[in-house]
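**Student:** please work out how this folds:
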Amino acid sequence: MKKTRWLATGIVAASIGLAGCQDGQTDSSSGSSDGSGSAKSGELSNTELLKKATAAQEDIKSFHMEGMVNSKAGEMAMDQKVSADIIQKPLAMHQTMTMKNPQDGKDMSLESYIVDDKMYLSQNGQWLVQDVSELGEMVETMESSASTEQNLQLLKKYKDNWTAKKDGDVYQIDVKLSGDDLKSFMKDSLEQTGQMAQMKDAMDSIDYKKMNYKMTYDAKTFYPKSLDMEMVFAVEKETDFTMTNQSTFSKFNEINEIKLPAEAKDAQPLTGAGQ
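**Tutor:** Next comes the predicted model:
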């Protein structure tokens, strides 16, 4: 159902910024600095920054995010405001998402929980429930997208497209991709989140114009602080698709439990959610 697809979209928006570092096998040629990690006095080299950010993110068990995701396809635009508390393993989540109804322009609000292997959805005061096991590939998408450990590896092959610098109390990583590099990145992302099978036929009909990705990390803790991302595609060289994502991350390892509200315990079964 469309409701569960919005849920998966929200988690992807929540965690895509956590993909801004590679795993522990950091290559000394990362970023635009040379292999010796040349950096200004008092700053970390790209290699050192990536190692510290990687180690810090591997310690993240839970986090909170606030985000605005704006997308436009041709003349159709959609804005989504997302707020989420996420525990990574085992996956538990509370998310609220607000968007404009494209038909009448009114605000639509969707609240969702994942607790004890069940997904709960609330819209217009009605609670619905679905076993996570019945969601098929969608649950793999949500688990992968909410996993900082897996997301650490997503940009591993694109280190030559990075620049990094210290700006006040944060380190900033900028990634710019276009053309074949962006196509390869999207393929890797879809494979990681289990969506490649349904998108495979469309991959070659897309013109991959650009992705600008800026991520900041706290200079003391090396936890992610903010994400600013823009992606531009063209479908069959006719319709431009633009997506921007501006998100902030906080409350690292402060969320120990996701509590289901009392009214959700009488939720009605949701059928066809995995379709």
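**Student:** would you map the helices across the chain?
**Tutor:** Ranges of helices within the chain are 2-15, 46-58, 137-145, 148-151, 179-192, 196-199, based on DSSP state H.
**Student:** what does the model give Q172 for pLDDT?
**Tutor:** On the pLDDT scale, Q172 is placed at 91.
**Student:** bridged to it, which residues?
**Tutor:** K165, T216 (DSSP bridges).
**Student:** looks like it contacts K165 (just checking).
**Tutor:** Yes. Using Cβ atoms under 8 Å, Q172 is in contact with K165, at 5.6 Å. C-beta coordinates here come from the backbone N, C-alpha and C atoms, glycine included.
**Student:** number of nearby residues for N245?
**Tutor:** N245 has 22 neighbours, counted by other Cβ atoms under 10 Å.
**Student:** verify the stated contact: it with M68.
**Tutor:** Yes. Using Cβ under 8 Å, N245 makes contact with M68 at a distance of 7.5 Å.
**Student:** so what's the closest residue to A92 other than its chain neighbours up against?
**Tutor:** For A92, ignoring the flanking residues on the chain, the nearest one in space by Cβ to Cβ, 6 or more residues apart in numbering is I258 at 4.2 Å. By Cβ atoms under 8 Å, 6 or more residues apart in numbering, the residues touching I258 are 85, 87, 92-94, 113-115.
**Student:** most neighbours, which of those?
**Tutor:** Highest count within the contacts of I258 by other Cβ under 10 Å belongs to I114, 26 neighbours.
**Student:** if I look at that one, how far off is S226?
**Tutor:** 25 Å (Cβ to Cβ, to the nearest Å).
**Student:** likewise for F249?
**Tutor:** Taking Cβ to Cβ, one finds F249 at 7 Å from S226.
**Student:** now swap in S62 and tell me
**Tutor:** 18 Å.
**Student:** with L260 instead?
**Tutor:** For L260, the distance to S226 - Cβ to Cβ - is 30 Å.
**Student:** what do you get for T96?
**Tutor:** T96 is 20 Å from S226, by Cβ to Cβ.
**Student:** please say which of those two ends up with more neighbours.
**Tutor:** Ranked by neighbour count (other Cβ under 10 Å), T96 and S226 place S226 first, with 18 against 15.
**Student:** which parts of the stretch 101-250 of the chain are strands?
**Tutor:** If DSSP state E, counting those that start in this stretch is used as the criterion, the strands of the stretch 101-250 of the chain fall at 107-115, 118-123, 126-131, 162-167, 170-177, 206-218, 224-235, 239-250.
**Student:** looking at those, which is closest to K187?
**Tutor:** strand 206-218 (10.2 Å; Cβ to Cβ).
**Student:** what angle separates the closest one from strand 162-167?
**Tutor:** 30 degrees (axes from the mean of the first three to the mean of the last three Cα atoms, to 10 degrees).
**Student:** may I see the buried residues of strand 206-218?
**Tutor:** Across strand 206-218, burial judged by 16 or more other Cβ atoms under 10 Å covers 206-208, 211, 213-218.
**Student:** what does stretch 229-248 give?
**Tutor:** By neighbour count with 16+ other Cβ under 10 Å, stretch 229-248 contains the buried residues 229, 231-233, 241-247.
**Student:** for that stretch, give me every contacting residue.
**Tutor:** 13-14, 16-17, 65-74, 82, 182, 202, 205-214, 225-228.
**Student:** now with 7 Å?
**Tutor:** 13, 16-17, 65-74, 205-213, 225-228 (Cβ atoms under 7 Å, 6 or more residues apart in numbering).
**Student:** pLDDT weak spots in this protein?
**Tutor:** The chain contains residues with pLDDT under 70 at 1-42, 102, 136-157, 159, 192-200, 237, 271-275.
**Student:** how about D85: which residues does it bridge to?
**Tutor:** Note on D85: beta-bridge partners by DSSP bridges are H64, H94.
**Student:** hang on, it packs against I255?
**Tutor:** Yes. Assessed by Cβ atoms under 7 Å, D85 is found in contact with I255 at 5.0 Å.
**Student:** which residues are common contacts for the two?
**Tutor:** Joint contacts of D85 and I255 (Cβ under 7 Å, 6+ apart) are H64.
**Student:** how deep is L135 tucked in, by neighbour count?
**Tutor:** The burial count for L135: 19, using other Cβ under 10 Å.
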